[in-house]
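[1] This is a predicted model, with the sequence first.
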Amino acid sequence: MTETLAPRSRKVKILATLGPASSDKRTIRKLMLAGADAFRINMSHGDQKSKTRLVNAIRELEKEFQRPTTILFDLQGPKLRVGQFEGGETVLQGGRKFFFDQDSAMGDANRVQLPHPELFEAVKAGTNILIDDGKVRLRVLEADGGRIVSEVVVGGTVSDNKGVNVPDVLVPIPALTEKDRSDLAFALDQRADWVALSFVQRPEDVAEARSLIGDRAALLAKIEKPAAIDRLNDIIALSDAVMVARGDLGVELPPEQVPPLQKRIVACAREFGKPVIVATQMLESMITSPTPTRAEVSDVATAIYDGADAVMLSAESAAGDYPVEAVAMMDRIAVSAERDPSYQARIHFTETRLEPTTADALAASARQIASTISATAMVCYTSSGSTARRIARERPTVPLLAMSASLHTARRMGLLWGVHAVHTRDVSSFEEMVEKAKRMALRHKIATGGDRLILMAGIPFGTAGSTNVIHVVRLIGDELDRYQASKVSARN
């Protein structure tokens, strides 16, 4: 009988990005053992064939560890770039004028091609244009359909095809490029659990992606554009989850504005009962160092205290020298933060929004019951994952064992706070539900003899959104003895 991977001793999830430093099965296995709950596949780098190998490695390990494992495909989104320069680069001098046009001729210290005709109509006098992640900054003096006249505010070296950001305007470009559409079709063919949408500016961007995805994967909106902040509530309402993409937000906004925005986005997502991930540069120094800075440790802990469902590693696990150590460090930070006596009070600072449904009322009640009777765990049956999401939104003090007959649903729940997902056969009666809940709690080491469990399910079984039962059970010693005897028998 294969041993299962034990439940985590924390509730926040760790999302690890895979890349050159973590592209083989052996390393991915180490990442899972170190604490990675879900894996991000970045479609901005590499080809689709290499991504297939990553998916296959994760799915093989999923079978080995008998744990549904979450895969998130992150679409690249539009990339605005300048053209090319004579000699490959030039130096822009502060205080001088600089021109952008649509001429494909090589650029120089006075002008360069900007191969995005939409921008010439979108910008106006006073608009900021940032190049190379904001290292070079220009301000538009005037613009027409064919040329932009700007002044260099912060000069520096600009080389071929450097990225361009225009934070002050709603860029009239759809969030999905032709490459994204191809990558999306590929991700769905690979049975992606989540798809992350980049360059989200409007709710319509999310709606377009949703129309292509349907219910084949869950949809996560990356909040990385200032324009998205203006429509935050509408974007969250249409998404299954959101990500605080602090790297791009920090380029397009003054860095001092990012921390309060992070808190606002996390709180807003939690009010809607949607999972929220905090990402980018969380343990940045661990790309080249085996230990993080104290400031980075505090940064990760702050996201956990705010109640984020997951924290994400980017280059630290994808391209760094210490990918396994970075995951292990994030795991230790999370465990330490959640053991803080003040942790529960902090994560309940945000008031969640209950919908006027039986399922929402029962989820809120179950958390209170678990606390009142000192239950060891909560157990739910779910076909769509909505019951688990409702319970996770309440941030209970005990772990949630979420069982589903749908492997796809079990995998999607890997980004939900406090959820240990299990793929199991469905049940057909209330009595069978109770017995399976006890058995699974023992098998997955969620509880032991003498412990109380809070069960939630919908009757009739197998009907999505029908949660209507709370049941309290106690595991007795005889049940533990029978379970241990069955394990011995299975090994023999």
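    That came through, no problem. Numbering: from 1, shown residues only.

[2] From here on, just use CA atoms for contacts and neighbour counts.
    Will do.

[3] The stretch 301-450 of the chain: strands as residue ranges?
    310-313, 377-381, 400-404, 419-423 (DSSP state E, counting those that start in this stretch).

[4] Same list, those, but as TSV with mean pLDDT, mean neighbour count and distance to residue 144 please.
    Formatted as TSV, these follow (pLDDT from 0 to 100; neighbours: other C-alpha atoms under 10 Å; distance: least, C-alpha to C-alpha, whole Å):
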stretch	mean pLDDT	mean neighbour count	distance to residue 144
strand 310-313	98	26	41
strand 377-381	93	26	59
strand 400-404	95	27	57
strand 419-423	96	25	54
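
[5] mind checking which of the ones you listed is nearest residue 27?
    strand 310-313 (15.0 Å; C-alpha to C-alpha).

[6] helices and strands around the closest one, which ones?
    Judged by 3 or more C-alpha pairs under 8 Å, 6 or more residues apart in numbering; DSSP states H and E, strand 310-313 is in contact with strand 13-18, strand 276-279, helix 294-305.

[7] Please work out which of the ones you listed is packed deepest.
    The highest mean neighbour count among the helices and strands packed on strand 310-313, using mean count of other C-alpha atoms under 10 Å, belongs to strand 13-18: a mean of 27.

[8] max-length helix in this protein?
    Longest helix of the chain, by residue count under DSSP state H: helix 48-65.

[9] Export the helices and strands packed on strand 310-313 as JSON lines, with columns for distance to residue 363 and mean pLDDT.
    Formatted as JSON lines, the helices and strands packed on strand 310-313 follow (distance: least, C-alpha to C-alpha, whole Å; pLDDT from 0 to 100):
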{"stretch": "strand 13-18", "distance to residue 363": "21", "mean pLDDT": "98"}
{"stretch": "strand 276-279", "distance to residue 363": "19", "mean pLDDT": "98"}
{"stretch": "helix 294-305", "distance to residue 363": "22", "mean pLDDT": "97"}
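
[10] looking at those, which is closest to residue 144?
    strand 276-279 (37.4 Å).

[11] residues making contact with the longest helix of the chain?
    2-5, 23-25, 28-29, 41, 68-69, 71, 183, 186, 190 (C-alpha atoms under 8 Å, 6 or more residues apart in numbering).

[12] next SSE after it?
    Sequence order places strand 70-74 as the next helix or strand after helix 48-65, per DSSP states H and E.

[13] so what does that following strand touch, helix or strand wise?
    Strand 70-74 makes packing contacts with strand 38-42, strand 194-197, helix 407-412 when contacts are defined by 3+ C-alpha pairs under 8 Å, 6+ apart.

[14] ok now the last one, how far from the chain's centre?
    Mean C-alpha position of helix 407-412 versus that of the full chain (C-alpha atoms, centre = their mean, to the nearest Å) differs by 15 Å.

[15] can you give me the helices for the stretch 351-492 of the chain?
    Ranges of helices in the stretch 351-492 of the chain, per DSSP state H, counting those that start in this stretch, are 358-372, 386-393, 407-412, 430-443, 477-491.

[16] With mean pLDDT and mean neighbour count as extra columns, can I get these in TSV?
    TSV is the format used below for the helices of the stretch 351-492 of the chain (pLDDT from 0 to 100; neighbours: other C-alpha atoms under 10 Å):
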stretch	mean pLDDT	mean neighbour count
helix 358-372	89	18
helix 386-393	92	25
helix 407-412	97	23
helix 430-443	90	18
helix 477-491	52	12
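
[17] Among these, which comes closest to residue 163?
    Among the helices of the stretch 351-492 of the chain, helix 407-412 sits nearest to residue 163 (C-alpha to C-alpha), with 33.1 Å.

[18] got a list of contacts for that closest one?
    For helix 407-412, the external contacting residues (C-alpha under 8 Å, 6+ apart) are 68-71, 193-194, 218, 383-385, 402-404, 421-423.

[19] Point out where this protein drops to low pLDDT.
    Where the chain drops to pLDDT under 70, the residues are 1-4, 461-465, 477-492.

[20] quick one, what contacts the most centrally placed residue in it?
    By C-alpha atoms, centre = their mean, the chain has its centre lying nearest to residue 277, at 4.3 Å. Residues near residue 277 by C-alpha under 8 Å, 6+ apart: 241-244, 308-312.

[21] Report the beta-bridge partners for it.
    On the basis of DSSP bridges, residue 277 is bridged to residue 243, residue 310.

[22] Dump the strands of the stretch 301-450 of the chain to CSV, plus distance to residue 161.
    Below are the strands of the stretch 301-450 of the chain laid out as CSV (distance: least, C-alpha to C-alpha, whole Å):
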stretch, distance to residue 161
strand 310-313, 27
strand 377-381, 51
strand 400-404, 47
strand 419-423, 43
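
[23] Which of the ones you listed sits closest to residue 123?
    Of these, nearest to residue 123 by C-alpha to C-alpha is strand 310-313, at 33.6 Å.

[24] Can you give the contact residues for that closest one?
    12-17, 275-283, 300, 303-304, 326-327, 415-417.

[25] swap in stretch 367-381?
    387-388, 391, 394-404, 437, 441, 446-447, 451-458.

[26] again with stretch 24-33
    Stretch 24-33 is contacted from outside by 22, 54, 57-58, 61, 323-324, 327, using C-alpha under 8 Å, 6+ apart.

[27] Over to stretch 316-330?
    With contact meaning C-alpha under 8 Å, 6+ apart, stretch 316-330 is reached by 14, 16-22, 27, 30-31, 34-36, 283-284, 286-291, 300, 313.

[28] likewise stretch 357-365?
    Residues outside stretch 357-365 that contact it (C-alpha under 8 Å, 6+ apart) are 354, 387, 390-391, 394, 465-470.

[29] Show me which of the residues you listed is closest to residue 78.
    Of all these, residue 78 sits closest to residue 390, with 33.8 Å by C-alpha to C-alpha.

[30] Residue 205 against residue 175, yeah?
    Yes. Using C-alpha atoms under 8 Å, residue 205 is in contact with residue 175, at 5.8 Å.

[31] re earlier: ok, which of the helices of the stretch 351-492 of the chain comes nearest residue 116?
    Here helix 407-412 is closest among the helices of the stretch 351-492 of the chain (C-alpha to C-alpha), at 36.7 Å.

[32] all helices for the stretch 1-150 of the chain, in order.
    Counting by DSSP H, counting those that start in this stretch, the helices of the stretch 1-150 of the chain are 25-34, 48-65, 117-122.

[33] got the ones you listed as CSV, with distance to residue 158 and mean neighbour count columns?
    Shown next, in CSV, are the helices of the stretch 1-150 of the chain (distance: least, C-alpha to C-alpha, whole Å; neighbours: other C-alpha atoms under 10 Å):
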stretch, distance to residue 158, mean neighbour count
helix 25-34, 37, 19
helix 48-65, 31, 16
helix 117-122, 19, 17
